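In: return atomic coordinates for the entry below.
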Amino acid sequence: MTKQSYIFLFGTIFVLFATSINNLLANPWNEEATDSLGNIGTVHSNREVHSSLHYDIVKLLLYKSGIPLDSAETIARYSALVDQINPKANYPYPTSLNNVSLADTFPSWNESIAGTERGGLHFNLMHELSAQYWHFAYRDPNDTISGPMVYGDYPVVYNSDFRSPPYFWRIPLSYNLSSIQNWALYGTGAAGMPDPLCPDTVFYFNNTSQSYEPIPPQSLAAFGMYLHSLADSYSHEHCMVFDTLRSHPDWSDECGLSYHSHYEFSYDTAIYAMVHADACIQAMWHVIQIYKSIHGISTPNLWVDDNNGYEDGDGIPDALEDNYNGIPMENFMEKWKSPSSVDFNNDGQINHFDHTAWRIWLCNSETQTLNLKIFCEGPFIGTTMTSILNQKAYIPLAQPFNSSPWNFSGLGAVAMIPNDTITDWVLVELRDAASPAAAGQSTIISRQTGFLLSNGNIVSRNATTPLSFNAPYIQNLYVVVRHRNHIAVMSNYPLTKTGNIFTYDFTNSSDKYFGNANGFVQLSPTAWGMCAGDGNASGQIDLDDLFNSWYDDAGESGYLKDDYDLNGNADNNDKNNWLIPNFGCVSNVPN
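Out: Below you'll find the predicted structure:
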């Protein structure tokens, strides 16, 4: 969405064209972050112009739905490119048709779309710019997926001489896309009076053939375009209903572009479209679930919790629900709708001009993943760990760190143990500090539980994808791993970042551990891990673990604090092989 009213319907067309381009080059804005919210040209976004609604939100929803990150990136790019065509060689339409967007918004992207242009030099009889249909999508009142129009079933006709129903092309009742053209001008959603030069075929740039080809139905590009138009049906609804226009001419009776230049999805809840933010993003979540079902994608969602007491069981995860309890910033949706809490542009104050970067950062931080690997000494045999506790069905469905000394009350429960390679639960902490020695408890920025697999990888509760985190950090990230009866360890080096993936492998070198050698153990000539034997979880292995812990469990079976080899039994093997040999082991994790 553009910043200001750059289309004046009176005056010379060529002057208007130049003015529009100059304004856009000077002030790039994204879809919902308009001049009330601030320019997105910050160090927190690697693109000068893009939409945090059509790109960042779409990519996040796909990722949290279990769509592979590379596919999520591709779909999100095509969603954004409905607005920003990113023309390549031999572009099939006059680029003047897209004069309300920058000519080359994403120079590093190979993707391009032709046929969803937002403007041009050709007007219909209402002085509307042609080729606007993709951005003005009507939602059917009976559509339980996308949701009906809020402001009315059909728009109020401004001038019936130039309108015929249904006015706007229609979002399909389900994800179908058997024909791209059936979405818009030549199907059941046919719009009123298009200009004869309006594009009637939508192309994508085939990077292999280096040519433009019609977008295939059911493709990633088609789905990205669908999600864009679904979102627009919310963000544009107010002006669509009250103006019946497919563009935003500043002479119009209601919209006049200023609605989008000042208010679209602003965080001021008094603004028209903000009340649609929840429904818009939730509708996209619903459609993505349908997409997964149609395409046989069985990867579990990463956002799974729907039990906060607000509309539980509706298929919308808690992260995307504002429960309107008066307490802001409780989850992703509430943060996204709230003012920034960070001075992103470093001007000494936190205000509207930090907000777009805030939204982009929120989305990016939710896709930051942790690739962590570590071994526990007790179950380690050869090159991997056993999963005997899992085989015996002793691993609890709820995380075991909700009592002293961990006192972790965060989420951590599953309906069933998701696969047979799980060794046990672990608790992971992230610390933001200048050095490992300075990474005390006060530097903790994130804590979460995960599953430790037999190969040493730490994964999320679906046992498939890595952990993710969304806490901001300023200096370096250090990771602490805790197990209920092994000595906690911390990384000696900051986590390595590639893209949005942070990586640390504790298993392949002794220098990966912060502190002296009493805080970890060599398991083989090429492997290192956590010391077994801390039954009372005091951070050191000593006589207290023997007399005040092991003796309590000796001879028992189950999920036991003194079962150091994690085979479901507390016995002399645990005492003689792990506990007594490890007397003197002490955690080096800073307090």
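In: just the C-alphas of the helix ranked longest in the chain, formatted as CSV.
Out: Criterion DSSP state H: the longest helix present in the chain is helix 277-294. Provided in CSV are the C-alpha atoms of helix 277-294 (Å, rounded to 0.1, in the frame of the first residue of the first chain):
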residue,chain,number,x,y,z
ALA,A,277,-6.7,-7.5,12.1
ASP,A,278,-7.6,-10.6,14.2
ALA,A,279,-10.1,-11.9,11.6
CYS,A,280,-7.8,-11.2,8.7
ILE,A,281,-4.8,-13.1,10.1
GLN,A,282,-7.0,-15.9,11.5
ALA,A,283,-8.7,-16.4,8.1
MET,A,284,-5.3,-16.8,6.5
TRP,A,285,-4.4,-19.4,9.2
HIS,A,286,-7.7,-21.3,8.4
VAL,A,287,-7.0,-21.3,4.7
ILE,A,288,-3.4,-22.6,5.2
GLN,A,289,-4.8,-25.5,7.2
ILE,A,290,-7.1,-26.3,4.3
TYR,A,291,-4.1,-26.0,1.9
LYS,A,292,-2.2,-28.5,4.0
SER,A,293,-5.1,-30.9,4.0
ILE,A,294,-5.7,-30.7,0.2
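In: just checking, next helix/strand downstream of that helix?
Out: Note on helix 277-294: by DSSP states H and E, the next helix or strand toward the C-terminus is helix 332-336.
In: so what does that next one touch, helix or strand wise?
Out: Secondary-structure packing of helix 332-336 (3 or more Cβ pairs under 8 Å, 6 or more residues apart in numbering; DSSP states H and E): helix 277-294, helix 355-366. (Each C-beta comes from the backbone N, C-alpha and C, glycine too.)
In: and those helices as TSV, adding distance to Tyr204 and mean neighbour count?
Out: Listed next are the helices and strands packed on helix 332-336 as TSV, based on distance: least, Cβ to Cβ, whole Å; neighbours: other Cβ atoms under 10 Å:
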stretch	distance to Tyr204	mean neighbour count
helix 277-294	18	19
helix 355-366	24	23
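In: Asn569 and Ile580, how far apart?
Out: Taking Cβ to Cβ, to the nearest Å as the measure, Asn569 and Ile580 are separated by 17 Å.
In: what do you get for Val586?
Out: Counting by Cβ to Cβ, the gap from Val586 to Ile580 is 16 Å.
In: same question for Leu397.
Out: 33 Å.
In: and what of Pro217?
Out: 68 Å.
In: my guess is Lys539 contacts Val586. True?
Out: Let me fix one detail, which is that residue 539 is Gly and not Lys. Yes - using Cβ atoms under 8 Å, Gly539 is in contact with Val586, at 6.8 Å.
In: what is in contact with the two at once?
Out: Common contacts of Gly539 and Val586, defined by Cβ atoms under 8 Å, 6 or more residues apart in numbering, comprise Ile487.
In: between Asn569 and Ile580, who's got more neighbours?
Out: More crowded of Asn569 and Ile580, by other Cβ atoms under 10 Å: Asn569, with 21 against 15.
In: pretty sure that one is touching Ser557, no?
Out: Yes - Asn569 lies in contact with Ser557 (Cβ under 8 Å); the separation is 5.1 Å.
In: adding distance to Leu227 and mean pLDDT, write the helices and strands packed on helix 332-336 out as CSV.
Out: CSV is the format used below for these (distance: least, Cβ to Cβ, whole Å; pLDDT from 0 to 100):
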stretch, distance to Leu227, mean pLDDT
helix 277-294, 6, 87
helix 355-366, 14, 78
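In: select, out of those, the one closest to Asn90.
Out: helix 277-294 (31.0 Å; Cβ to Cβ).
In: check contacts around the residue nearest to Asn582 when sequence neighbours are not counted.
Out: Closest residue to Asn582 in three dimensions, ignoring its sequence neighbours and counting by Cβ to Cβ, 6 or more residues apart in numbering: Gly533, at 4.2 Å. For Gly533, the contacting residues are Asn485, His486, Ile487, Ile541, Asp545, Tyr564, Trp578, Leu579, Pro581, Asn582, Phe583, Cys585, by Cβ under 8 Å, 6+ apart.
In: rewinding a little: now what about the longest helix of the chain, what contacts it?
Out: Here helix 277-294 has contacts from 53, 57-58, 61-62, 65-67, 145-147, 150, 174-175, 223, 226-227, 230-231, 234-235, 265, 297-299, 301, 315-317, 320-322, 333, 336-337, using Cβ under 8 Å, 6+ apart.
In: for ChimeraX, what selects the buried ones among these?
Out: To isolate the buried members of the contacts of helix 277-294 in ChimeraX, using 16 or more other Cβ atoms under 10 Å:
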select :53,57,58,61,62,65,66,67,145,146,147,175,223,226,227,230,231,234,235,265,301,316,317,320,321,322,333,336,337
